[in-house]
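Trainee: What shape does this take:
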Amino acid sequence: MQNILVVCVGNICRSPIAEAMLAREFPEKKVWSAGLGALVGDPADPFSVEVAAANGLDLSKHRAQQVASWMCESADVIFVMEQAHRTEIEQRYPLVRGRVFRMGEPQRLDIADPHRQPKAAFEAAFADIARGVASWVPRIRQLG
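Mentor: Presented below is the predicted three-dimensional model:
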């Protein structure tokens, strides 16, 4: 397992945070993120940047990109923020079934989109993503 893709909607709030967390845990792996309806070229949301920085993560170089078939096909695992994202990815790219998981598993948790909400919503999303990453890290390490 060398290629990890993280997907949300705009690729400016949740997935950049999850990407940075996973990249910190797995510097030897390729970790990247994209959006189902990406705000292509946009930087991470200022609140995402601020909350991430307060937790030692740098999102300053992030630029949103649209998810594409090659990304999904080359990813060993795809993490999404909501069950609806999983459904959409699997409908768009049927060959990836079995490799798409919610970041909030196994708690069956959708991680709420904080876009255009107060900073507290970004802090809550960050905490949910951190819990998800913490639950996935040992499993990813087991798979190599």
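Trainee: What values do phi and psi take at Phe79?
Mentor: Dihedral angles phi and psi of Phe79 (degrees, to the nearest 10) take the values phi -100, psi 130.
Trainee: can you pull the contacts of it?
Mentor: Taking C-beta atoms under 8 Å, 6 or more residues apart in numbering as the contact definition, Phe79 lies against 4-7, 18, 22, 101-103, 132, 136. C-beta here means a position set from N, CA and C on the backbone, and glycine is covered the same way.
Trainee: go on, Leu5?
Mentor: Contacts for Leu5 were tallied using C-beta under 8 Å, 6+ apart; they are 31-34, 67, 71-72, 75, 77-79.
Trainee: Name the residues of the longest helix seen in the chain that are buried.
Mentor: Of all the segments assigned as helix in the chain under DSSP state H, the longest by residue count is helix 119-143. By neighbour count with 16 or more other C-beta atoms under 10 Å, helix 119-143 contains the buried residues 121-123, 125-126, 128-129, 132-133, 136, 140.
Trainee: Next, format these as JSON lines and append pLDDT and distance to Ala53.
Mentor: As requested, the buried residues of helix 119-143 are arranged in JSON lines below (pLDDT from 0 to 100; distance: C-beta to C-beta, whole Å):
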{"residue": "Ala121", "pLDDT": "98", "distance to Ala53": "17"}
{"residue": "Phe122", "pLDDT": "98", "distance to Ala53": "12"}
{"residue": "Glu123", "pLDDT": "98", "distance to Ala53": "12"}
{"residue": "Ala125", "pLDDT": "97", "distance to Ala53": "15"}
{"residue": "Phe126", "pLDDT": "98", "distance to Ala53": "11"}
{"residue": "Asp128", "pLDDT": "96", "distance to Ala53": "18"}
{"residue": "Ile129", "pLDDT": "97", "distance to Ala53": "15"}
{"residue": "Gly132", "pLDDT": "96", "distance to Ala53": "20"}
{"residue": "Val133", "pLDDT": "97", "distance to Ala53": "17"}
{"residue": "Trp136", "pLDDT": "96", "distance to Ala53": "23"}
{"residue": "Ile140", "pLDDT": "94", "distance to Ala53": "25"}
